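after the sequence you'll find the predicted model.
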Amino acid sequence: MTLKDFIANLQKLEAEGHGDKLVFYRHGASGDCGLLSSAYVTDEIDDDTGPFDYVDEGEEYISIYAGN
């Protein structure tokens, strides 16, 4: 999903009257969940921050931090 697609989806939810709701993440495999936090652009790839095998080394992507 691109940032543009993600924003369009969020704008649709807001237009439907859900703009005042909290935003949580849920990790399917582990079931872990929590609040979303900040977002930033990066090209860092490692075992701790990801995005693992989704992008090539040196390619920028949007990272959304989950948690406090």
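Thanks, I have it.

every contact and neighbour count from this point should use C-alpha atoms.
Fine.

do a quick rundown of the helices in this protein.
Along the chain, the segments classed as helices by DSSP state H run 3-13.

where does the prediction get shaky in the chain?
49, 52, 68 (pLDDT under 70).

scan it for its longest strand.
In the chain, with assignment by DSSP state E, the single longest strand is strand 33-42.

residues contacting it, please?
By Cα atoms under 8 Å, 6 or more residues apart in numbering, the surrounding residues in contact with strand 33-42 are 22-27, 60-68.

keep only those of the residues you listed that are in strands.
Those of the contacts of strand 33-42 lying in strands (DSSP E): 24-26, 61-66.

Glu59: what's it in contact with?
Asp43.

hmm, back to that, report the two of the contacts of strand 33-42 separated the most.
Pairwise distances among these were taken by Cα to Cα; the largest, 27.4 Å, belongs to Leu22 and Glu60.

who has more neighbours out of these two?
Neighbour tally, Leu22 and Glu60, criterion other Cα atoms under 10 Å: the higher count belongs to Glu60, 13 against 8.

ok, the residue lying closest to that one once chain neighbours are set aside to Leu35 distance?
Excluding the flanking residues, the one nearest Glu60 by Cα to Cα, 6 or more residues apart in numbering is Asp43, at 4.3 Å. Here the criterion is Cα to Cα, to the nearest Å. By it, Asp43 lies 23 Å from Leu35.

state the number of residues packed around Glu57.
Neighbours of Glu57 using other Cα under 10 Å come to 12.

that one is in contact with Asp43, isn't it?
Yes. Counting by Cα atoms under 8 Å, Asp43 is a contact partner of Glu57 at 7.2 Å.

tell me how many other residues surround the residue lying closest to Arg26 once chain neighbours are set aside.
Leaving aside its sequence neighbours, Arg26 sits nearest to Cys33 (Cα to Cα, 6+ apart; 4.3 Å). Neighbourhood size, Cys33 [other Cα under 10 Å]: 13.

against His18, how distant is the closest residue to Leu36 other than its chain neighbours?
Nearest in space to Leu36, with sequence neighbours left out and distances taken as Cα to Cα, 6+ apart, is Ala66 at 4.4 Å. Distance, Ala66 to His18, using Cα to Cα: 20 Å.
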